[in-house]
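Trainee: Generate coordinates for the sequence data below:
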Amino acid sequence: MKPVTLLKTLAFITIATANLLFVNSAFAVSRIKDIANFEGIRENQLVGYGLIVGLNGTGDNIKSVDFAKESLISMLDMVGVNARDGQIKAKNIAAVMVTANLPAFARQGSRIDVTVSALGDAKNLLGGTLIATPLKGADGEVYAVAQGTVATGAVAAGNQALGTSIVKGVPTSGRIASGAIIEREIPFELDSLKTMNIALRNPDFTTSRRVADAINAMLGTPIAKAIDPGTITMNIPEKYQENIVDLMTKVEQLQVQPDSSAKVVIDESSGIVVIGKDVKINRLAIAQGNLTIKITDIPLVSQPEPFTMGEQVVVNTALVDIEEDTEAKMQVLDTGINLQELVDGLNALGVTPRDLISILQAIKASGALQAEIEVI
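Mentor: Got it, this is the predicted structure:
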């Protein structure tokens with residue numbers, strides 16, 4: 001190869017590499033496994049009702065919580081103790097709801113974590129032991145049994161005589177690590193599938209098409225197709241029908257650039273504003289100012305005349321002061337400015353997060369904001 005040709009080739013490779021690095025740094029890409037799920041491979045919710053025993057006097061009040069009393073009597077009946085004729089004054093038990101998530105492909109005998117939450121007027125579940133509790137799915141079948149010691153991660157202390165108390169965290173809710181044993185499996189024959197659907201966590205037409213294109217480019221054949229904004233259907237090639245896990249591993253590692261619509265998310269309760277990178281506005285002028293009215297109570301004391309029988313009188317009068325921000329100026333924002341320029345322009349007005357919420361809503365009402373506003 002001639003030296004000139006070699007230099008041109010090296011220069012081309014250098015430029016191509018620089019362009020590739022620029023594209024990768026300018027656009028955020030994600031793995032398919034981070035933005036989508038394989039349909040049918042998911043968790044299932046389990047729920048059960050149980051009793052916690054061994055509390056240090058912080059359990060339910062049996063006299064006021066009838067279901068806790070009935071549950072205790074039923075549990076004692078199961079172990080051969082008749083407590084129906086006597087008066088029960090136990091304060092060391094608590095009726096709780098037990099919840100857990102059953103992972104996909106969970107096998108019989110494996111363990112999962114559970115969460116317990118008080119139903120009655122129990123004050124603290126710390127140190128209590130959950131008695132064997134069946135956990136059922138939406139179909140009413142028992143899939144796991146939970147039992148174990150509860151850890152709340154909370155602190156509660158007080159002095160009843162002084163009427164003082166301090167609570168940190170939520171002592172009426174806790175977890176039992178590996179507290180449930182799976183008794184029933186959910187059947188799912190992965191190797192028998194001929195097609196598989198991929199569900200996007202944030203549906204978008206552009207993103208679904210990019211996922212399908214990435215899969216087809218990897219396999220060199222059009223087996224994937226975006227059928228709606230949130231679903232990509234994929235036919236299983238013949239060579240992978242006996243090893244679908246290998247195909248899924250390759251697919252979930254593919255890199256795609258997710259797309260999203262221009263959106264402004266506002267949380268009015270906390271004053272948080274999140275503005276997407278694609279938010280654009282048309283040319284407009286904004287003015288922001290404050291009018292402050294301050295009313296101050298001033299006590300006036302009237303003294304009686306000397307050597308008289310009069311009384312001292314205190315009269316309240318009010319001083320009204322009106323202040324207006326005269327430094328507020330009109331700020332012109334040009335057409336099609338990006339996120340950084342929008343923030344810079346609003347910061348130039350000295351707006352607070354609360355003011356920013358009102359300004360963005362006003363810009364949207366004027367038709368100049370090319371984005372969707374979502375209030376949460």
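Trainee: I'd say M234 and V251 touch.
Mentor: Yes: counting by C-beta atoms under 8 Å, V251 is a contact partner of M234 at 7.5 Å. All C-beta spots, glycine's among them, are computed from the backbone N, C-alpha and C.
Trainee: joint contacts of the two?
Mentor: The contact sets of M234 and V251 overlap at I198, I215 (C-beta atoms under 8 Å, 6 or more residues apart in numbering).
Trainee: Run a quick neighbour tally on the closest residue to K280 other than its chain neighbours.
Mentor: Once flanking residues are discounted, K280 sits nearest to Q370: 4.6 Å by C-beta to C-beta, 6 or more residues apart in numbering. Neighbourhood size, Q370 [other C-beta atoms under 10 Å]: 14.
Trainee: for Q370, what are its contacts?
Mentor: By C-beta under 8 Å, 6+ apart, Q370 lies in contact with A262, V279, K280, I281, N282.
Trainee: So how do I select the buried members of these in PyMOL?
Mentor: Selecting only the buried entries of the contacts of Q370 in PyMOL, with 16 or more other C-beta atoms under 10 Å as the criterion:
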select buried, resi 279+280+281
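Trainee: Among the contacts of Q370, which ones are in strands?
Mentor: Residues of those located in strands (DSSP state E): K280, I281.
Trainee: Closest one to S269 out of the contacts of Q370, please.
Mentor: Within the contacts of Q370, proximity to S269 (C-beta to C-beta) peaks at V279, which comes in at 21.9 Å.
Trainee: Next, find the distance separating the closest one from A262.
Mentor: Per C-beta to C-beta, to the nearest Å, V279 is found 5 Å from A262.
Trainee: which neighbours do these two share?
Mentor: Q370, A371.
Trainee: A214 should be in a strand, yeah?
Mentor: No: A214: not assigned to a strand; according to DSSP: H, G, I helix; E, B strand; the rest coil it is helix.
Trainee: Now it: closest residue in space that isn't a chain neighbour?
Mentor: Using C-beta to C-beta, 6+ apart, the closest residue to A214 is L254 (4.6 Å).
Trainee: Point out where the stretch 101-250 of the chain drops to low pLDDT.
Mentor: 156-165 (pLDDT under 70).
Trainee: where do the helices sit along the stretch 151-300 of the chain?
Mentor: Assigned by DSSP state H, counting those that start in this stretch, the helices in the stretch 151-300 of the chain fall at 205-219, 244-252.
Trainee: Out of these, which gets nearest to V274?
Mentor: Closest approach to V274 among the helices of the stretch 151-300 of the chain (C-beta to C-beta): helix 205-219, 19.4 Å.
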